[in-house]
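A.B. asks: After the sequence you'll find the predicted model.
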Amino acid sequence: MIELTKTLEDGRELVAEIERRTGQNLAACYQCGTCTSTCTANMAFDYPPHVMIRMLQLGMVDQVMSSHTAQLCYDCMTCSSRCPVRIDVADVIETAKNMADERGLPEPERALRLFRKLFLRNVSRHGRLHEASLLFWYNVKSGTLFNDMSLVPLILRKKKVHIHPTRIRNRREIRRIFSVVKNYPRLKK
Amino acid sequence: MRIGVFICECGTNIAATVMTQKVADAALALRDVYHSESIQYTCSDPGQRTVMAAVQKHNLDRVVIAACSPRMHETTFRRTVAKAGVNPFMMEMVNIREHCSWIHDDTDEATEKAIDLMAMGVAKVREEVPLFTSKVPVTSEVLVIGGGVAGIQAALDIADAGIPVTLVEREPTLGGNMARLDKTFPTLDCSSCILTPRMVEVKHNQDIRLIVNAEVEAVRGYIGNFEADIRKKATCVDEEKCTGCYICVEKCPSKAPDEFNAGVGESKAISIPLPQAVPLVASLRKEHCRRYIKGKCGVCEKVCPADAIDYEQEDRIFTDKFGAIVVATGYELFDWKTAYPNLGGGHYPDVITAMQYERMLSASGPTEGHIRRPSDGAEPRNIVFISCVGSRDESIGRPFCCNVGCMYLAKQAILTKEHIPDSQSYIFYMDMRAVGKDYEQFYRRAQRDAGAIYLRGRVGKIYPLDGKLMVMGADTLSGQQLEVAADLVVLATGFTASDGAAELAQRLNIPYDQFDFLSESHPKLRPVETTTGGIFLAGTCQGPKDIPDTVAQASAAAAKVIGLVSRDEMETSPMVAEVNHMRCIGCWKCIEVCPYKAIEKQKLRDGRQVAIIIESLCQGCGICNVACPPSVVSLRGYTDNQLISEVVEVLR
Amino acid sequence: MNGETDRADGGAVNATDADRADLKLVAFLCNWCSYAGADMAGTSRMLQPSQVRIIRLPCTGRMDPLLVLKAFQEGADGVLVSGCHPGDCHYNDGNYYARRRLELLKRMLAVRGIEPERFQYTWVSASEGARWADVVQAFTTDIESLGRLGATVAGGGGG
Amino acid sequence: MSDAAGKSYSYYPGCSLKSSSMEFDISFQAVAAALGIGLDEIHDWNCCGASPAPHHRVESLGVLLSARNLHIAGATHDAVVAPCAGCYNRLKTAQFKLAGDEELREQTGEVLGAEVRYEAEVLNIVQMLNREISPEALAEKAQGRLEGVKLAPYYGCLLTRPADILKFDNPRDPRSMEPLLGATGAETPFFAFKTECCGSYMGLPRKEIVLTASRRIIEVAVSSGFDALVTACPLCHQNLDLRQPQINKAFGTELRLPVLYFSQAIGLGLGIPPEELGIDALAVAPDLDRWKVGAA
Ligand SMILES: Cc1cc2nc3c(=O)[nH]c(=O)nc-3n(C[C@H](O)[C@H](O)[C@H](O)COP(=O)(O)OP(=O)(O)OC[C@H]3O[C@@H](n4cnc5c(N)ncnc54)[C@H](O)[C@@H]3O)c2cc1C
Ligand SMILES: Cc1cc2nc3c(=O)[nH]c(=O)nc-3n(C[C@H](O)[C@H](O)[C@H](O)COP(=O)(O)OP(=O)(O)OC[C@H]3O[C@@H](n4cnc5c(N)ncnc54)[C@H](O)[C@@H]3O)c2cc1C
Ligand code: SF4
Ligand code: SF4
Ligand code: SF4
Ligand code: SF4
Ligand code: SF4
Ligand code: SF4
Ligand code: SF4
Ligand code: SF4
């Protein structure tokens, strides 16, 4: 059971922050479920999108920020494009994720976060993404060694891969970009 | 000039915050005030008698009453002072309740404000002159526009009072949308069984003149004295001769869309919308007729045993006088296709509207009461109903509720079970709106007896897969995303105003809302009146509603109309504009701005052209008063002097 | 209440209670929407500052800009006009005429040295009691922060 | 630089087009050449950060990465074309945010060591080709080459959403691809899943999502009688084409639906030989014989 008066009070400030950052009025959501009905990622979510919005209406912002949903939603914006009251559900969820990042909350979706971090590290090093090494490192670090290995012969056959990364020349500038931005998912040293 | 001032205590409503005696005392200090007093309940019988007694005793010729809002009791007190011999328009009400005692808690501040407001009233009443209502004759005939159940009910009620009615219907038959329905909630009586007899009554009622295939083209005049041009469109069939034998329809080689059946089934270029049509006559649509498209044919003329076909027929215009007008132009259904590509945007034949489903359910409909999938004619087993399509959806600019969708879907689910016992209905809904008498019980029947599964959520998408329609939805009660494999999908599409409603409203000079529904004068207290005197609303032209509400409103409009036109003469408000002819320069600025066309040019005896106000048309808005360059138009009751004296008084 | 017209240095940003009590605010309301809206605020007992004095008009279309000027001339510190929402006018389009005329007036006021914020117009419908209360509150606060209108513009005054 | 006669665009291929979706690059270049349009690759471009870089309204990593590309492109061109829907989306988002946020512009300027140029017009491939060739002109060249072929235009999510930033087509029912595809002679009836998401970048971390989502898109297309899907997004393409064998394995299905890049479809229409369009790089090859494209 939630003690609603308290939850509402405690969550008020952070919910307001989400509303401010996204420009949304969450009270407008009438729980029609359209967002949930068309979400492809819902099968992996712990809370369906409409429940995410509902929880925010009730001040349950901690649950929202530390949910799997916040991490798993890939911002395809199908929900936002169909919401009858034009709530940008995707932006709300993404913002909750970003706020979780900023606060260094525990990572409920380790594999996914690892993927994001490796991806960005890869880019920060080369200036461009090197798909082969991303796949390699991801498999090594996540302990799922054979993930997508079935694709490898196909990729090789179709000559779709560079064994060595292409790097850009002005990598200093890329490093500078990564150094001025604080809040992105990164690997701990 | 002898002014009396009465301060109402309204029990404690006013007296608790405003020191009424102090206000009364302050009044006595004002110029021309010869009497003032504080009264406990001024509008009560003893209160009104106190006012009358004081008027007579002190020989007052003007009265200020500081009490509640004039919107509440202005008429009451006008009558009171009139009974005491004072011209009713020399009474000024001052609002010290809604605008003072109820919104302030500091007694001193409130009292001070009340004194100010009272003084403004005194200042205004000083500038007042006696006004007299005038009388205009009333034409007793009534025009009803639209022949759906609302127009039918209104016409019959009015005709029952012995008042002649002209009923103008745009389509070839009476009946409107109700004639297309199968059975109706909450009693499940068959729509045509209750409507058809009423349609026939209209035809046989001596006091009703029915003009179908016709529209109102222009309206002039004012309450009690309208004049309308009615255009009857040519249909190439002589209504007097046609017997409705259907021979032409059978023989006609040109197919045409079947609007009456909402596109379920097909019709012919010459057709009769339904077997119970009133009048039962054929009409020809040139845009689909071979004779007009290709220049050859003429079959109908050849086969018609009554010699009723007349290809040369032309439009006719009737011009008549009416004392009152009832608008009952009804609704149309929202065209959902472009708005909802996610529901297939009209690309899947087995996604149909609830109106199409009604036609399928109807025994006299194109499928003779059998439920069939349009794509292959098979009987569906799993049927999904979707509420609120084009309703309650701000993203497409349609925020309002359709008012009947919840109920007719419950009805259709019940009927579906009757037609196909082993079928399963699924109803996606957002909220259940079952607010009429017996409606809740009816809705529960759909769940309990018809076994409809209610899923609380909107549908995000429909897609075809292997001959089924996959309906992706959510059940927000269980928090689940879900999918139903449907054979047929039925959409409860929202209501829109009927085609051309806004244009008609402009012709009639009545207001309409942003969705083109016609606006009533006050949602609670004047629900069938418009703001233009003599024009009334009935049915869904004013907003979505079901048949019981439609009929109730139609009878209410009829009652208002009967009250109006059964008089020989009527009073008009004297608070209208007037022109000082001596100084009018004939610039016609006033004519340009008047929204009611209440100003005309008139030649004076000295040959000068000046503006004159037609008092029965003027609604007293005062726009002309401001527009007149030499300031020679003035609005009685709100003259420049009156308003200026109020301003000067309050700032003194 | 008789205002001390010599409190002309006006600019006082932090209005004291006394300043507030002294403000003279006039509001012209159309009968059908805003007047009824103000009634509604009353019926709902929505407390409001008490400086505003309402003058009823049949329609904002009757609103003569000269009345606004007259009010300022007579010593008003603020004038508010409120009518039906555009499109909702009881007389179809009276409020459009009002809007046009009042827009012109707004520009003229600046020329006369009257802060344009002292004159405001707005739309309040018959059902928007709460909105009316907000309007009164905001308007009063706005004028309070401007203070009394300087004697320089008050011109002749009198009355 | 480009040939003097034709128009030239700044070209942002992005990482995918240089590796796993090289056929997109190849076919786009071939089509551009056939139309006499110059493509000048942005000098020393970098990755846009794609989805893992926080990019929405407040975070600026995504903006800074894309800003650099925009900045370089802006030095030489007033329009930049990004065939990859994701890159296009990121460039537009960065531009949108830079335009509305002075502080961000300053911060970006500091990182780049110059006042940021962000005004170059950003176009996706569908937009650009629509601008460069009219359906009528294409139809003339195509002479009904793809007649009898049913193509499902598949927009996915990143090409049209969010609409307030991209301002490209109707996000609920986009139709920009249809006229040009139709001009090749192909049929493009309504495709129910044209805006449905394929599962995005979940392929590695959450494969089940991608396989389920993509399977459904393919199945619906097959069941609706389409011969191929047409996309403008490398990620969609990867999920729908490259992973089709994975899908079949996971669900025991036997789906074989070719997925073409928009530029490949247009290229076929233009009569460019399939090998110059990288058709052979597709995991699921279209039955070109039946399509009669070799013929004309
Ligand atoms: C699918 C469906 C099922 C329903 N089921 C039920 C039910 O079971 N029970 C229930 O109570 N309600 C039901 N309703 C609601 C019901 O249809 C309406 O309440 C009712 O028909 C309204 O009647 P009306 O006369 O106001 O309007 P209409 O029936 O629309 O009649 C208006 C008439 O005016 C005519 N007209 C329009 N413009 C002009 C013009 N300019 N000049 C002249 N004529 C004009 C039209 O041709 C039409 O004949 C249902 C509605 C739908 C859509
Ligand atoms: C809490 C609440 C809030 C509401 N709020 C709203 C709202 O905001 N808006 C809205 O539109 N509606 C509202 N309503 C509904 C509204 O109150 C009713 O619609 C309306 O009052 C009904 O009026 P009436 O004249 O039919 O009945 P009543 O108000 O009940 O009047 C019937 C009268 O008849 C008298 N009477 C009864 N029997 C006899 C007899 N045998 N002989 C002589 N006289 C008799 C009674 O004494 C009474 O005076 C609300 C209702 C409730 C309960
Ligand atoms: S679609 Fe919009 S209104 Fe509906 S539940 Fe989701 S957020 Fe709420
Ligand atoms: S944006 Fe996120 S929540 Fe919305 S549909 Fe896509 S994955 Fe689901
Ligand atoms: S054949 Fe003649 S009489 Fe019979 S329905 Fe047709 S027009 Fe009327
Ligand atoms: S002329 Fe021929 S096509 Fe036209 S309505 Fe008569 S029978 Fe039909
Ligand atoms: S009546 Fe029911 S179906 Fe119609 S809009 Fe209202 S809630 Fe939706
Ligand atoms: S019973 Fe009254 S409160 Fe309950 S749903 Fe119906 S109208 Fe609303
Ligand atoms: S007051 Fe209004 S309605 Fe009357 S004449 Fe003047 S403008 Fe026309
Ligand atoms: S605006 Fe005044 S002067 Fe001009 S015609 Fe009308 S009444 Fe006469």
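C.D. replies: On my side now, so go ahead. Ligands and ions are numbered 1, 2, ... in the order given.
A.B. asks: just the helices in chain A please.
C.D. replies: Secondary structure of chain A (DSSP state H): helices at A:4-22, A:34-37, A:49-57, A:61-65, A:68-72, A:78-82, A:89-102, A:110-126, A:131-142, A:151-157, A:171-180.
A.B. asks: can you count the residues close to whatever residue of chain D ends up closest to ligand 9?
C.D. replies: Among the residues of chain D, residue D:164 lies nearest to ligand 9; the distance is 43.3 Å by CB to the nearest ligand atom. Quick note: C-beta positions are derived from backbone N, CA and C, even for glycine. Using other CB atoms under 10 Å in any protein chain shown, residue D:164 has 11 neighbouring residues.
A.B. asks: That one and residue D:92, how far apart?
C.D. replies: Relative to residue D:92, residue D:164 is positioned 11 Å away (CB to CB, to the nearest Å).
A.B. asks: Ok, residue A:121 next?
C.D. replies: 26 Å.
A.B. asks: The two: which is more packed in?
C.D. replies: residue D:92 (22 against 17).
A.B. asks: Next one: the more buried one, what pLDDT does it get?
C.D. replies: Per-residue pLDDT puts residue D:92 at 94.
A.B. asks: which SSE is it in?
C.D. replies: Using DSSP states H and E, residue D:92 falls within helix D:85-100.
A.B. asks: residues of that helix that come out buried?
C.D. replies: Using 16 or more other CB atoms under 10 Å in any protein chain shown as the test for burial, helix D:85-100 gives D:85-98.
A.B. asks: what packs against that helix?
C.D. replies: Packing contacts for helix D:85-100, counted by 3 or more CB pairs under 8 Å, 6 or more residues apart in numbering or on different chains; DSSP states H and E, involve helix D:14-17, helix D:61-76, helix D:102-112, strand D:121-123, helix D:163-166, helix D:234-237.
A.B. asks: Dump those into a markdown table; add distance to residue B:462 and mean pLDDT as well.
C.D. replies: Formatted as a markdown table, the helices and strands packed on helix D:85-100 follow (distance: least, CB to CB, whole Å; pLDDT from 0 to 100):
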| stretch | distance to residue B:462 | mean pLDDT |
| --- | --- | --- |
| helix D:14-17 | 33 | 92 |
| helix D:61-76 | 35 | 93 |
| helix D:102-112 | 42 | 91 |
| strand D:121-123 | 33 | 97 |
| helix D:163-166 | 22 | 92 |
| helix D:234-237 | 22 | 94 |
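A.B. asks: Hmm, residue B:508 is touching residue B:322, no?
C.D. replies: No. With contacts counted by CB atoms under 8 Å, residue B:508 stays clear of residue B:322, the gap being 11.5 Å.
A.B. asks: What is the neighbour count of residue A:22?
C.D. replies: 22.
A.B. asks: Pull the contacting residues for it.
C.D. replies: Neighbouring residues of residue A:22 by CB atoms under 8 Å, 6 or more residues apart in numbering or on different chains: A:88, A:91-92, A:95, D:57.
A.B. asks: just to revisit the earlier point, how about the helices of chain A in TSV, adding mean pLDDT?
C.D. replies: Shown next, in TSV, are these (pLDDT from 0 to 100):
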stretch	mean pLDDT
helix A:4-22	96
helix A:34-37	97
helix A:49-57	98
helix A:61-65	97
helix A:68-72	95
helix A:78-82	95
helix A:89-102	92
helix A:110-126	88
helix A:131-142	85
helix A:151-157	84
helix A:171-180	90
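A.B. asks: and among these, the most buried is which?
C.D. replies: Greatest average neighbour count among these goes to helix A:34-37 (a mean of 32), per mean count of other CB atoms under 10 Å in any protein chain shown.
A.B. asks: Tell me the helices and strands packed up against it.
C.D. replies: So helix A:34-37, by 3+ CB pairs under 8 Å, 6+ apart, packs with helix A:49-57, helix A:78-82, strand B:459-465, strand B:468-475, strand B:480-486.
A.B. asks: Throw the helices of chain A into JSON lines and include distance to ligand 4, thanks.
C.D. replies: As requested, the helices of chain A are arranged in JSON lines below (distance: least, CB to the nearest ligand atom, whole Å):
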{"stretch": "helix A:4-22", "distance to ligand 4": "13"}
{"stretch": "helix A:34-37", "distance to ligand 4": "6"}
{"stretch": "helix A:49-57", "distance to ligand 4": "4"}
{"stretch": "helix A:61-65", "distance to ligand 4": "12"}
{"stretch": "helix A:68-72", "distance to ligand 4": "7"}
{"stretch": "helix A:78-82", "distance to ligand 4": "3"}
{"stretch": "helix A:89-102", "distance to ligand 4": "4"}
{"stretch": "helix A:110-126", "distance to ligand 4": "12"}
{"stretch": "helix A:131-142", "distance to ligand 4": "21"}
{"stretch": "helix A:151-157", "distance to ligand 4": "23"}
{"stretch": "helix A:171-180", "distance to ligand 4": "26"}
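A.B. asks: I'd like to know which of the ones you listed is closest to residue B:629.
C.D. replies: Nearest to residue B:629 among the helices of chain A is helix A:4-22 (51.9 Å), distances taken as CB to CB.
A.B. asks: At the contact with ligand 9, which residues of chain B appear?
C.D. replies: Within chain B, the positions near ligand 9 by CB under 6 Å from any ligand atom are B:576-577, B:593-594, B:596, B:598-599, B:613, B:618-624, B:635.
A.B. asks: Farthest pair within those residues?
C.D. replies: B:576 and B:593 (15.0 Å).
A.B. asks: Which one's more surrounded, these two?
C.D. replies: Neighbour totals were compared for residue B:576 and residue B:593, and residue B:576 leads with 22 against 19 (other CB under 10 Å).
A.B. asks: Let me see the contact set for the more buried one.
C.D. replies: B:598, B:613, B:615, B:618-620, B:635-636.
A.B. asks: Among those, find me the one that's closest to ligand 4.
C.D. replies: Nearest to ligand 4 among the contacts of residue B:576, with distances taken as CB to the nearest ligand atom, is residue B:619, at 52.8 Å.
A.B. asks: correct me, but that closest one touches residue B:596?
C.D. replies: Yes. In terms of CB under 8 Å, residue B:619 counts as a neighbour of residue B:596; the distance is 5.4 Å.
A.B. asks: Just want the residue of chain A that's nearest ligand 1.
C.D. replies: Closest to ligand 1 within chain A is residue A:84: 20.2 Å, counting by CB to the nearest ligand atom.
A.B. asks: Tell me where the stretch 251-400 of chain B has helices.
C.D. replies: Secondary structure of the stretch 251-400 of chain B (DSSP state H, counting those that start in this stretch): helices at B:290-293, B:299-303, B:354-361.
A.B. asks: Quick check: which of the ones you listed has the most neighbours on average?
C.D. replies: Burial of those is given as mean neighbour count (mean count of other CB under 10 Å); helix B:354-361 ranks first at a mean of 24.
A.B. asks: That one - what's its average pLDDT?
C.D. replies: Helix B:354-361 carries an average pLDDT of 97.
A.B. asks: what about the residue of chain A closest to ligand 1, how many neighbours?
C.D. replies: Neighbours of residue A:84 (other CB under 10 Å): 22.
A.B. asks: Check what pLDDT the residue nearest to residue B:137 when sequence neighbours are not counted gets.
C.D. replies: Spatial nearest neighbour of residue B:137, excluding adjacent residues (CB to CB, 6 or more residues apart in numbering or on different chains): residue B:569 at 5.6 Å. We have a pLDDT of 89 for residue B:569.
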